[in-house]
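Engineer: Pasting the sequence and the predicted coordinates here, then a few questions.
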Amino acid sequence: YDVILGVRSSIFLPFKNLGLVIVDEEHENTYKQQDPAPRYHARNSSIMLASMFGAKVLLGTATPCVESYFNAISGKYGFVELKERYQDIQLPHIELVDIKELAHQKRMQGPFSPRLVKEIKEALERKEQVILFQNRRGFAPMIECHTCGWVPKCKNCDVSLTYHKGLNQLTCHYCGYTYQVPRSCPACGSVELMNRGFGTERIEDDIKLIFPEARVARMDLDTTRTRTAYEKIIADFEQGKTDILIGTQMVSKGLDFDHVSVVGILNADTMLNYPDFRSHERAFQLMAQVAGRAGRKNRQGLVILQTKSPDLPVIRQVISNDYEQLYYDQSAERQIFKYPPYYRLIYVYLKHRKEDVLDMAADAMAAQLRSGLGSRVLGPDKPPVARIMNYGKYRYELSRKEKEAKKKQKTIDIKEVRLSPNIDTNDLKTKVNAARKFLSKGDRVKVTLRFRGREMAHMSSSKHVLDDFAELLTDIAVVEKAPKIEGRSMTMFLSEKR
């Protein structure tokens, strides 16, 4: 085959004459495989694969990951920007709706603001289509006893169970454990069990009540268990058999529909309030991608962005489609707190069936790492979900902040430093200063020492000269490895001292 179209594992195919690798939507976190082994990132692996064959790599995306954009503007990658959409189609207009204020005024219709309901109604009257986005499946993320606050939890994982109305059961989205919905609270006997939050299943129910004549479809993991089910949902929407499509992030993945005029992002806060330093970056990417589904062909689309945090910078950046400002905000923050792309993170996960054993092991390992790495070691700390899988495994994580990512360096070969037993210290300083200006630019400096005189050929005689020279060097530079001695010459490589 001349062209291979594949998923992330296709990089392991036995290529013989590879010339080009195209990584589409390079920002997607699904390119990274964590479990099961092998653990790898397909984007990074494809770059290494291409280098082995001397091939080119094209990373394509409308919302680059911060690390890739950093590499592009710093010169490590080539950089090409496309500032206009195909056929000069306008970007959608994004309108912000503060649902916190509307909820206080009791003007919300379930998860829908009056503005969103109005726009959906007008779009349906024009025979246009609507996409509603909520990145959470199920009917409600949890149920709670109104009397005592009891919440059903998974017996295998440290998470609450998600209520699925269609199946009339509670399900764990990590291990698959199911639990029948109780008629009364097992803790206090109360029958007042309340749904908290909303997922795609509830949105489907609510939108059918508001627009009973509309043809509604839902696209999430529950409705696309088979390939034919997924293809049917897409085909029906493309052919105009569906008026309103409700979905999770699946609806943001490169779909191109002619007649979508309105996109509703029902709750941006669920993407922002996640304990991860990349949460705002990923929220921007996801909102920008789903917003791009509106107005693809005939006219400018409209996106209604509902949030309780309208003053967050990332919300304003989504509205103005200002990726560069997002990058500079995130970049400055990560530089201060020592996160990628300026530093590398190494996570160490410890797992054990017994929590007390794991506590002791995590503390012991943290102490050992700190003895050599100091304050660069964070933790130990429990992950957001500390216990996962049906055999009761507990998890701890340690993270290590590795040294700053190196700038692209070039090696500067300065003129020979000629040494003799009676060389003056000031002459040595002159030679050292010659290297200083290159080191300050981040360049790597190669210094060659050539010994003069018969006695200088013997290292014992020249030791005091070398000691003086080494002492001067240590003030400004780090010797990368042991000097190489050949005859009367010694070569060393220096880098900037931090």
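Structural biologist: Received, thanks.

Engineer: by contact count, what packs against the helix or strand harbouring residue 363?
Structural biologist: Secondary structure from DSSP states H and E places residue 363 in helix 355-373. When contacts are defined as 3 or more Cβ pairs under 8 Å, 6 or more residues apart in numbering; DSSP states H and E, helix 355-373 packs onto strand 343-352, strand 377-381, strand 393-404. Yep, even glycine has a C-beta here, placed from its N, CA and C like the rest.

Engineer: So for the longest one, mean pLDDT?
Structural biologist: Pointing back at strand 393-404 there. The average pLDDT for strand 393-404 rounds to 55.

Engineer: just the second one next, same as before
Structural biologist: Here strand 377-381 scores 84 as its mean pLDDT.

Engineer: tell me the angle that strand makes with strand 343-352.
Structural biologist: 30 degrees (axes from the mean of the first three to the mean of the last three Cα atoms, to 10 degrees).

Engineer: could you dump strand 377-381 to PDB, C-alpha only?
Structural biologist: The C-alpha trace of strand 377-381 is given here as PDB (Å, rounded to 0.1, in the frame of the first residue of the first chain):
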ATOM      1  CA  VAL A 377       9.300  15.700  44.100                       C
ATOM      2  CA  LEU A 378       5.600  16.400  44.800                       C
ATOM      3  CA  GLY A 379       3.400  14.100  46.800                       C
ATOM      4  CA  PRO A 380       2.600  11.400  47.600                       C
ATOM      5  CA  ASP A 381      -1.000  12.200  46.900                       C
END
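
Engineer: Next, the buried residues of it.
Structural biologist: 377-380 (16 or more other Cβ atoms under 10 Å).

Engineer: try the first one
Structural biologist: By 16+ other Cβ under 10 Å, the buried positions in strand 343-352 come out as 343, 348, 350, 352.

Engineer: For residue 97, state which of those residues is nearest.
Structural biologist: residue 343 (37.8 Å; Cβ to Cβ).

Engineer: ok, now how distant is that closest one from residue 135?
Structural biologist: Distance from residue 343 to residue 135, counting by Cβ to Cβ, to the nearest Å: 29 Å.

Engineer: quick one: contacts for the nearest residue to residue 145 once chain neighbours are set aside?
Structural biologist: In this structure, residue 145 finds its nearest non-sequential neighbour in residue 185, 4.0 Å apart by Cβ to Cβ, 6 or more residues apart in numbering. Contact analysis of residue 185 by Cβ atoms under 8 Å, 6 or more residues apart in numbering lists 145, 147-148, 150, 191-193.

Engineer: mind checking how far residue 185 is from residue 146?
Structural biologist: 9 Å.

Engineer: shared neighbours, the two?
Structural biologist: In contact with both residue 185 and residue 146: 192-193, using Cβ under 8 Å, 6+ apart.

Engineer: where do the helices sit along the stretch 101-250 of the chain?
Structural biologist: Remark: helices assigned in the stretch 101-250 of the chain by DSSP state H, counting those that start in this stretch are 114-125, 200-210, 227-238.

Engineer: Can you say which of these is nearest to residue 276?
Structural biologist: Among the helices of the stretch 101-250 of the chain, if distance is taken as Cβ to Cβ, the winner is helix 200-210, at 22.4 Å.

Engineer: What confidence value was assigned to the residue nearest to residue 55 when sequence neighbours are not counted?
Structural biologist: Distances taken as Cβ to Cβ, 6+ apart put residue 18 closest to residue 55, at 4.7 Å, once the chain neighbours are dropped. Looking at residue 18, its pLDDT reads 94.

Engineer: ditto for residue 457
Structural biologist: 44.

Engineer: From the buried residues of strand 377-381, pick the one nearest residue 312.
Structural biologist: residue 378 (25.3 Å).

Engineer: and that closest one, bridged to which residues?
Structural biologist: Beta bridges link residue 378 to residue 399, judged by DSSP bridges.

Engineer: gap between it and residue 301?
Structural biologist: Relative to residue 301, and taking Cβ to Cβ, residue 378 is found at 43 Å.

Engineer: And residue 209, by the same measure?
Structural biologist: Distance check for residue 209 against residue 301: by Cβ to Cβ, it reads 25 Å.

Engineer: Same check on residue 353?
Structural biologist: Distance from residue 353 to residue 301, by Cβ to Cβ: 52 Å.

Engineer: which of those two has more neighbours?
Structural biologist: With neighbours defined as other Cβ atoms under 10 Å, residue 353 and residue 301 compare such that residue 301 has more, 25 against 11.

Engineer: got a list of what residue 280 touches?
Structural biologist: Here residue 280 is in contact with 272, 312, 314, 326, 330 (Cβ under 8 Å, 6+ apart).

Engineer: so the residue nearest to residue 55 sits in a strand?
Structural biologist: No: Residue 18: not assigned to a strand; according to DSSP: H, G, I helix; E, B strand; the rest coil it is coil.

Engineer: got any ranges where the stretch 101-250 of the chain has weak pLDDT?
Structural biologist: The model of the stretch 101-250 of the chain has no residue with pLDDT under 70.

Engineer: please redo it, this time with the cut-off set to 80
Structural biologist: Filtered on pLDDT under 80, the stretch 101-250 of the chain yields the residue ranges 226-227.

Engineer: That one: strands as residue ranges?
Structural biologist: Ranges of strands in the stretch 101-250 of the chain, per DSSP state E, counting those that start in this stretch, are 129-133, 142-145, 162-164, 169-171, 178-180, 193-196, 216-219, 244-247.

Engineer: Now the residue sitting nearest the centre point of the chain: closest residue in space that isn't a chain neighbour?
Structural biologist: Geometric centre of the chain, nearest residue: residue 278, 5.1 Å, by Cα atoms, centre = their mean. Nearest-residue entry for residue 278: residue 66, 7.8 Å, with adjacent residues in sequence omitted and distances by Cβ to Cβ, 6+ apart.

Engineer: got a list of what that neighbour touches?
Structural biologist: Counting by Cβ under 8 Å, 6+ apart, the residues that residue 66 touches are 278, 281, 327, 330-331, 334, 340-341.

Engineer: number of nearby residues for residue 37?
Structural biologist: Residue 37 has 7 nearby residues by other Cβ under 10 Å.

Engineer: how close does the spatially closest residue to residue 155 that is not a sequence neighbour sit to residue 143?
Structural biologist: Here the nearest residue to residue 155 in space, its sequence neighbours aside, is residue 177; by Cβ to Cβ, 6+ apart that works out to 6.4 Å. Using Cβ to Cβ, we find residue 177 at a distance of 15 Å from residue 143.

Engineer: okay, the two: which has more neighbours?
Structural biologist: Neighbour tally, residue 177 and residue 143, criterion other Cβ under 10 Å: the higher count belongs to residue 143, 23 against 18.

Engineer: was I right about that one contacting residue 149?
Structural biologist: No: with contact defined as Cβ atoms under 8 Å, residue 143 and residue 149 do not form a contacting pair (11.3 Å).

Engineer: For residue 52, find the nearest of the helices of the stretch 101-250 of the chain.
Structural biologist: Across the helices of the stretch 101-250 of the chain, residue 52 has its closest neighbour in helix 227-238 (33.4 Å, Cβ to Cβ).

Engineer: List the buried residues in that closest one.
Structural biologist: Buried residues in helix 227-238 (16+ other Cβ under 10 Å): 233-234, 237.
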